[in-house]
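S.K.: 3D, please:
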Amino acid sequence: MLKEIIIAIESYFKAHQFIRQHNLWKWIIIPGILYMILFIAGMYFFLSSSNSAVNYLSNLIGIDTWLQEQKNPFLNFLFVMGNIMVRLLLIFFYFSFFKFAFLIIGSPLFAYLSEKTESILEGRDFPFSLPQLMKDIIRGIRLALRNLLWQTVYTISILILSFIPVLGWVSPMLSLFTECYYYGFSMMDYSCERRKMSPQESVRFISDHKGLAIGNGLMFYLMHAVPILGWILAPTYAVVAATLSLRQLENK
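M.R.: Residues are numbered from 1 along each chain as shown. Modelled structure (predicted):
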């Protein structure tokens, strides 16, 4: 799996060269700006509302008062760490819904960009078909909803784990890798569909190559560490990189 993660990471650098070489910027910048605007607005709303929610629950349960009565530095430390873990998980949980909503909205563009990438690699055009495009959109929405359901189940389980002192400190890492896998899954499925895989076959194939999905999603999240530019480029770079990584896997 580690080898596949490395392939997926390298594919992002290859995607940058590929986009420059074939002048695909118009398919990168416009949806990227839309994604950036939605991302900034969504994160502002979430951070303000999540702080209020966590503080309200803390006051409702009476944790702060109880900790003041105990006057135990170690307990204070444990609950401060727990509070941080819960907030991080809530950010990941929100990002899951935001991500899948954008995947559904942007599925026609992502499907086209993946197809455009592969047509350049093969040196041939895929004939445009409106019925096929609608089929791709419906498939993308169904898989996005399916992944959202499973990821919600895993995230809730990880959220429960986060309340366990010390052991719960690994929960953000588990949540991050879950996020990476399901985002990379969506990016890879566009290529799987062109290979005439059914949704069930696509699920099995990507499950057998988890490293490609995790590596793709990991780079997608790391690009968010670069304000503005990273937010603009991340979603569409992920599509091109997923297409290139799957092609490299087949060639090997």
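S.K.: buried residues of stretch 22-40, list them for me.
M.R.: Neighbour-count burial for stretch 22-40, counted by 16 or more other Cβ atoms under 10 Å, picks out Leu24, Trp27, Ile28, Pro31, Gly32, Leu34, Tyr35, Met36, Phe39. Any C-beta I mention is one placed from the backbone N, CA and C, and that applies to glycine too.
S.K.: restricted to helices, list those.
M.R.: Cross-referencing those against helices under DSSP state H gives Trp27, Ile28, Pro31, Gly32, Leu34, Tyr35, Met36, Phe39.
S.K.: can you redo those residues as CSV with pLDDT and distance to Tyr12?
M.R.: Shown next, in CSV, are these (pLDDT from 0 to 100; distance: Cβ to Cβ, whole Å):
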residue, pLDDT, distance to Tyr12
Trp27, 84, 16
Ile28, 88, 13
Pro31, 84, 17
Gly32, 87, 15
Leu34, 84, 21
Tyr35, 84, 16
Met36, 87, 18
Phe39, 82, 19
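S.K.: can I get the residues you listed in a markdown table including distance to Ile164?
M.R.: Output for these, formatted as a markdown table (distance: Cβ to Cβ, whole Å):
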| residue | distance to Ile164 |
| --- | --- |
| Trp27 | 45 |
| Ile28 | 43 |
| Pro31 | 40 |
| Gly32 | 39 |
| Leu34 | 40 |
| Tyr35 | 35 |
| Met36 | 37 |
| Phe39 | 31 |
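S.K.: for the protein, what helix or strand is lowest in average pLDDT?
M.R.: The weakest-scoring helix or strand in the chain, judged by mean pLDDT, DSSP states H and E, is helix 63-70 (a mean of 63).
S.K.: show the average pLDDT along whichever helix or strand comes after that one.
M.R.: Once helix 63-70 ends, the next helix or strand along the chain (criterion: DSSP states H and E) is helix 73-122. For helix 73-122, mean pLDDT is 74.
S.K.: can you check stretch 2-11 too?
M.R.: Mean per-residue pLDDT for stretch 2-11: 91.
S.K.: export that stretch as CSV, just CAs?
M.R.: Below are the C-alpha coordinates for stretch 2-11, written out as CSV (Å, rounded to 0.1, in the frame of the first residue of the first chain):
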residue,chain,number,x,y,z
LEU,A,2,2.9,2.4,0.7
LYS,A,3,4.1,2.0,-2.9
GLU,A,4,0.7,3.0,-4.1
ILE,A,5,0.6,6.0,-1.8
ILE,A,6,3.9,7.2,-3.2
ILE,A,7,2.6,6.7,-6.8
ALA,A,8,-0.5,8.8,-5.9
ILE,A,9,1.7,11.6,-4.4
GLU,A,10,4.0,11.7,-7.4
SER,A,11,1.0,11.9,-9.7
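S.K.: how far off centre is that stretch?
M.R.: Stretch 2-11 sits 16 Å away from the centroid of its parent chain (Cα atoms, centre = their mean, to the nearest Å).
S.K.: please identify the buried residues of that stretch?
M.R.: Buried residues in stretch 2-11, counted by 16+ other Cβ under 10 Å: Glu4, Ile5, Ile7, Ala8, Ile9, Glu10, Ser11.
S.K.: what residues does that stretch touch?
M.R.: Residues external to stretch 2-11 that are found in contact with it (Cβ atoms under 8 Å, 6 or more residues apart in numbering): 184, 209-216, 218-219, 241-242, 244-245, 248-249.
S.K.: try it again with 10 Å
M.R.: By Cβ atoms under 10 Å, 6 or more residues apart in numbering, the residues outside stretch 2-11 that reach it are 14, 18, 180, 184, 187-188, 208-219, 222, 237-238, 240-249, 252.
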